[in-house]
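> model this:
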Amino acid sequence: MTSRGTKYWISGAIPLIAPEMLGEVIAAASDIALVVSLEGKILSVLVNAGHRASGQLDHWEGRDIRDVLTEDSQPKVEAKLHLFSEGGDSARPVELNHSDGQNWDFPVRYTFHRIGPDGSVLLMLGRDLRPIAEMQMQLIEAQMALERDYETQREYDTRYRVLSEATRDAFVFVSTKDGRVIDANPVACKLLGAERADLVGAGFPQEFEGRRRAEFMETLNRAAIETDAAPLEAETRRNGTAVRIRATAFRAAGEPLILCRIDRAESDESTGDALSENLLAFYHQGVDAIVFTDTDGVILAANDSFLGLADAPQLASVKGKSFGDYLVRGSVDLRVLVENATRARQMRMFATKLAGQYGGQVSVEISATLLDHETHPCIVFVVRDASRMEGVRKPGVAVSDDAMRSVMELVGSATLKDIVAETTDVVEKMCIETAVELTRNNRVAAAEMLGLSRQSLYVKLRKYGLLSRDGSGD
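Modelled structure (predicted):
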C-alpha cells in the first residue's frame with residue numbers, strides 16, 4: 001500500500017530477516033554502518049567487506065562517537081542526537097569527517113534511522129565520500145591540465161607569429177594532399193606579390209608562371225623528400241620575380257605538409273645574404289667579446305660574450321656608456337685605443353684588464369678597428385679573455401739575444417750591481433718611451449698607465465733626456 005507518496009511493506013510481503021543475516025544486509029547496503037545510542041555511544045560497527053577500512057574499525061565499539069570525529073563534525077552529530085532524544089526525526093543526511101589518530105581521516109555521508117522496540121537506538125548508514133572526492137580531484141586536475149595545454153598552445157602560437165613577422169626569410173606552408181597554401185609569412189607575401197588573405201587557401205602552383213598543378217606538386221614533393229635535391233626554379237606570376245624554392249616535408253597533427261622556403265634567384269644577392277647571416281651569427285655566437293662604439297668610445301652595441309665578461313645582465317645596461325667604464329685604467333686605456341685606431345685605422349693586441357659591474361677584473365687583449373663610414377663611423381673592439389694564459393706565461397720581460405749578449409759582455413768589466421742597474425735603466429727607458437708614444441706624449445695618461453705619479457714621471461723623463469719632446473699632452 002502507499003500513503004502520501006510513500007510506499008510501505010505489507011506484512012508478510014517479504015520474509016523476515018534472521019538477525020545473523022541482517023548485519024550482512026546492512027553492511028552490504030552501505031560502506032560503514034554504526035549502531036549508536038541516543039547518548040552517542042557506539043554499540044556496533046559494520047563495514048562493507050569491499051571497503052578499504054574493512055576489519056580496521058572494530059576498536060570503535062564501546063567508544064563515544066565524538067571521539068572518532070573531527071572538531072568541526074562533533075556539533076553536527078550532537079545536534080542530530082539531541083533531535084532524536086527530543087522525539088524528533090530527520091531524513092536529511094549529514095556529512096561527518098572521521099579522525100582516528102594517524103590511521104584514518106576521511107569524510108562519510110550518514111543517514112540516521114530509529115531502530116529498536118522503543119526507538120532508543122539509532123542506525124547510521126554511511127557512504128564513504130572519498131571516491132567522490134578523488135573523482136572530483138581528478139576532474140579538477142584534468143581541467144587544470146587542459147588549461148595548461150591551452151596556455152602552452154597560445155604561447156607557441158605567439159612565438160610562431162612573432163618569428164613569422166620578424167624573420168627575413170620567406171616561407172610558405174603547403175598541404176601535400178591538395179597543394180593549397182596553409183600559411184605564409186609577410187616576407188613571402190611580399191615576394192609573391194599577394195596579400196596573405198589571398199594566398200591562404202589558394203593553390204600554391206598557380207602563383208608561378210607555366211606550372212601545372214599536378215606536375216608542380218609532384219616535383220615539389222620529390223624535392224621535399226630527397227635530402228640532396230636541388231632548389232626548384234620558378235617565376236612568380238604576379239610580379240615576374242625569379243625565385244628558388246627549397247622544400248622540407250613534415251607532419252603536423254597527422255597532416256602531411258611541406259615547408260617551402262623561397263629565395264630570390266640572384267646569386268650575388270644570395271651570396272651577400274649568406275655572408276651577412278654568417279657575420280651576424282659570428283657576432284652573436286662567437287667566443288670573443290665584440291663591442292661597437294662611436295669615435296668617442298660610447299658603446300653602440302655589444303654581443304653576449306662581452307656582457308658575460310662585464311657581468312652585465314643585458315645590452316640595455318651597457319648601451320650608451322663609455323667603453324672606458326669597463327677598463328681598469330678607464331679613460332687612459334680608452335684614449336690610447338681610440339687615438340691609435342683613429343690614426344692607424346687599427347690597433348692590435350693591447351693588453352689591459354676589464355672591470356666588471358661588480359668589481360671583478362679579467363686580463364684581456366684588445367684589438368681595435370676603425371670603420372670609417374661616411375655618415376656613421378664607428379670603432380669595433382674585439383676583446384679576448386687572456387686570464388688563462390697568465391698561468392703559463394713566464395714572469396718578467398722577454399729579452400732579445402742581442403740584449404743578452406750585450407749584458408754578458410759586461411761581465412768581468414763591471415760589478416754585478418752595476419750590470420743590473422744599467423740593464424734596469426735600459427728597460428725602464430724603453431717602457432717610458434713606449435707609454436709616451438702610446439699616449440701621444442700625454443704625460444698625465446702615461447703616468448697613469450705606468451702607475452707613477454706625475455712628478456715621478458717628470459723625474460725619469462729628465463733622467464733619460466726625454467723632456468725635449470713636445471709636452472702638449474699635459
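
> which residues touch A368?
Residues in contact with A368 (Cβ atoms under 8 Å, 6 or more residues apart in numbering) are 337-338, 340-341, 346-347, 350, 379-382. To be clear about C-beta, it is placed using only N, CA and C from the backbone, and glycine gets the same treatment.

> Swap in 7 Å and give it another go.
337, 340-341, 346-347, 379, 381 (Cβ atoms under 7 Å, 6 or more residues apart in numbering).

> can you check A170 too?
Going by Cβ under 7 Å, 6+ apart, A170 touches 185, 187-188, 191, 261-262.

> Mind doing that once more with 10 Å?
Applying Cβ atoms under 10 Å, 6 or more residues apart in numbering, one finds that A170 lies in contact with 184-192, 243, 245, 260-264.

> So which of the contacts of A368 is the closest to D311?
F381 (17.5 Å; Cβ to Cβ).

> Which pLDDT value goes with the closest one?
With respect to pLDDT, F381 has a value of 92.

> Hmm, L300 and it touching each other?
No: proximity of F381 to L300 does not meet the contact threshold set by Cβ atoms under 10 Å, at 11.0 Å.

> So which of these two has more stuff around it?
Neighbours were counted for F381 and for L300 using other Cβ atoms under 10 Å; F381 has more, 25 against 15.

> quick one, helices of the protein?
Listed from the start of the chain, the chain has helices (DSSP state H) covering 19-29, 74-85, 130-166, 186-192, 196-199, 213-225, 267-285, 304-309, 331-344, 387-390, 401-410, 416-438, 443-450, 454-463.

> Just checking the distance from the fourth one to the centre of its chain.
Taking the mean C-alpha point of helix 186-192 and that of its whole chain, the gap between them comes to 31 Å (Cα atoms, centre = their mean, to the nearest Å).

> for that helix, packing partners?
Counting contacts by 3 or more Cβ pairs under 10 Å, 6 or more residues apart in numbering; DSSP states H and E, the secondary-structure elements packed against helix 186-192 are helix 130-166, strand 170-175, strand 181-184, helix 196-199, strand 242-252, strand 255-264.

> And for the longest one?
Packed against helix 130-166 by the contact rule (3+ Cβ pairs under 10 Å, 6+ apart) you find strand 104-115, strand 181-184, helix 186-192.

> The residue nearest to F350 when sequence neighbours are not counted: how many residues sit nearby?
The spatially closest residue to F350, leaving aside those adjacent along the chain, is I366, at 4.7 Å (Cβ to Cβ, 6 or more residues apart in numbering). For I366, the neighbour count with other Cβ under 10 Å is 23.

> how about I366, what does it touch?
289, 291, 323, 327, 333, 336-337, 347-352, 354, 381-384, 386.

> how about a cut-off of 8 Å?
337, 347, 349-352, 381-384.

> Out of the contacts of A170, which two sit at the greatest distance?
Looking at the contacts of A170 by Cβ to Cβ, the two members farthest from one another are P186 and I245, with 17.8 Å of separation.

> Return the closest of the contacts of A368 with respect to R114.
Using Cβ to Cβ, F381 is the member of these that lies nearest R114, at 94.5 Å.

> re earlier: sort out which of the contacts of A368 are buried, if you could.
Listed as buried from the contacts of A368 are 337, 340-341, 347, 379, 381; burial here means 16 or more other Cβ atoms under 10 Å.

> domain parsing for this structure?
Dividing the chain into domains by automatic domain parsing, as the record does, gives the ranges 24-128, 132-161, 167-265, 275-390, 402-463.

> Out of these, name the one with the poorest average pLDDT.
Looking at the domains of the chain, the bottom one is domain 402-463 with a mean of 73.

> sorry, back to before: compile the helices and strands packed on helix 186-192 into a markdown table and extend it with columns for distance to E78.
Written out in a markdown table, the entries for those read as follows (distance: least, Cβ to Cβ, whole Å):
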| stretch | distance to E78 |
| --- | --- |
| helix 130-166 | 24 |
| strand 170-175 | 70 |
| strand 181-184 | 68 |
| helix 196-199 | 72 |
| strand 242-252 | 63 |
| strand 255-264 | 65 |
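
> closest to F112 out of the helices of the chain?
The closest of the helices of the chain to F112 is helix 74-85. By Cβ to Cβ, the value is 5.7 Å.

> Can you list the buried residues in the closest one?
Of the residues in helix 74-85, those buried under the neighbour-count criterion (16+ other Cβ under 10 Å) are 74, 77, 80-81, 84.

> Tell me which of P186 and I245 has more neighbours.
Neighbours around P186 and I245, counted as other Cβ under 10 Å, are more numerous at I245. The numbers are 23 against 14.

> That one touches L220, doesn't it?
Yes: assessed by Cβ atoms under 8 Å, I245 is found in contact with L220 at 7.2 Å.

> what touches both of these two?
232, 260.

> and R127, bridged to which residues?
R109 (DSSP bridges).

> returning to that earlier point: between F381 and L300, which contacts overlap?
Both F381 and L300 are in contact with 292-293, where contact means Cβ under 8 Å, 6+ apart.

> where does stretch 240-249 sit relative to the chain's centre, distance-wise?
Here the centre of stretch 240-249 is set off from its chain's centre by 34 Å, with Cα atoms, centre = their mean.

> Pull the residues that contact it.
For stretch 240-249, the external contacting residues (Cβ under 8 Å, 6+ apart) are 176, 191, 193, 209, 220-221, 223-225, 229, 231-236, 256-266.

> can you do 6 Å?
Residues outside stretch 240-249 that contact it (Cβ atoms under 6 Å, 6 or more residues apart in numbering): 220, 223-225, 231-232, 234-235, 258-263, 265.

> Just the buried ones from those residues, in PyMOL syntax?
Selecting in PyMOL just the buried members of these, where the criterion is 16+ other Cβ under 10 Å, is done with this command:
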select buried, resi 220+223+224+232+234+258+260+262+263
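
> Let me know the closest of the contacts of stretch 240-249 to V94.
For the contacts of stretch 240-249, the closest approach to V94 (Cβ to Cβ) belongs to L259, at 63.8 Å.

> Specify the beta-bridge partners of that closest one.
With DSSP bridges applied, L259 shows beta-bridge pairing to F173, T248.

> cool, the one 4 residues further on as well?
According to DSSP bridges, the residues that bridge with D263 are R244.

> Check the spacing between it and L57 real quick.
77 Å (Cβ to Cβ, to the nearest Å).

> follow-up on the earlier one: need the helices of the chain in TSV with distance to R109, can you?
As requested, those are exported to TSV (distance: least, Cβ to Cβ, whole Å):
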stretch	distance to R109
helix 19-29	14
helix 74-85	11
helix 130-166	9
helix 186-192	61
helix 196-199	59
helix 213-225	62
helix 267-285	64
helix 304-309	62
helix 331-344	80
helix 387-390	72
helix 401-410	101
helix 416-438	90
helix 443-450	86
helix 454-463	93
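
> Quick check: which of these is nearest to R251?
Here helix 213-225 is closest among the helices of the chain (Cβ to Cβ), at 11.8 Å.
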